[in-house]
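Engineer: Below: sequence and its predicted model.
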Amino acid sequence: MSEQSEKRGGVLVVMVEVDPQDEDELNRWYDEEHIPEKLATPGFRSARRFVDPAGGRYLAIYELDDPAVATSDAYLSQELSERSKSVMATWRSWDRSVWRELS
C-alpha cells in the first residue's frame, strides 16, 4: 500500500429503520446527543444524515480520519447512555458498516 493511500480516511455508515411514532425522538436524539457526541470523538470529521422520502428509514454517514477509529476496542466499548439505549430499542432494523477510502 502506498503512503498516499495509507493517509486516506474512511466513513462509518449507519442505516436505521423505525416506526412513524418513533421518528421524532430518533431525530431529537441524533441532533441533541448522538451527533455532538460523535463529533467530539477524536477521528470523527463530520456527520451527515439523510431520510428516505417514503419515511421510516434514516442514513447517517460519518467521515473519519481513519476507518480504525470506528472499529477500535476503545470506541466499540464506550458505554451507551440510557437515552441511547431507549432510542435504539425502537429500531426495527439497522445496519452499520465501516469503509476505507480508495480515491
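Structural biologist: Yep, that arrived.
Engineer: With just CA atoms, put the helix or strand hosting residue 24 into CSV.
Structural biologist: Applying DSSP states H and E as the criterion places residue 24 in helix 23-29. Only the C-alpha atoms of helix 23-29 are listed here, as CSV (Å, rounded to 0.1, in the frame of the first residue of the first chain):
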residue,chain,number,x,y,z
GLU,A,23,-39.2,9.2,14.2
ASP,A,24,-39.4,12.4,16.2
GLU,A,25,-37.4,11.0,19.2
LEU,A,26,-34.9,9.4,16.8
ASN,A,27,-34.2,12.8,15.2
ARG,A,28,-34.0,14.7,18.5
TRP,A,29,-31.6,12.1,19.9
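Engineer: I'd like the average pLDDT over that helix.
Structural biologist: Helix 23-29 shows an average pLDDT of 98 in the prediction.
Engineer: Repeat that for stretch 66-79.
Structural biologist: Rounded to a whole number, the mean pLDDT of stretch 66-79 is 90.
Engineer: starting at the chain centroid, how far to that stretch?
Structural biologist: The gap between the average C-alpha position of stretch 66-79 and the chain average comes to 12 Å, counting by Cα atoms, centre = their mean, to the nearest Å.
Engineer: Past the helix or strand bottoming out on mean pLDDT in the chain, which element shows up next along the chain?
Structural biologist: The helix or strand with the lowest mean pLDDT-type score in the chain, counting by mean pLDDT, DSSP states H and E, is helix 3-6 (a mean of 52). Reading on from helix 3-6 to the C-terminus, the next helix or strand found by DSSP H and E is strand 10-18.
Engineer: show me what contacts residue 99?
Structural biologist: For residue 99, the residues meeting the contact criterion (Cβ atoms under 8 Å, 6 or more residues apart in numbering) are 10, 11, 12, 13, 67. Placement of C-beta: from N, CA and C, glycine included.
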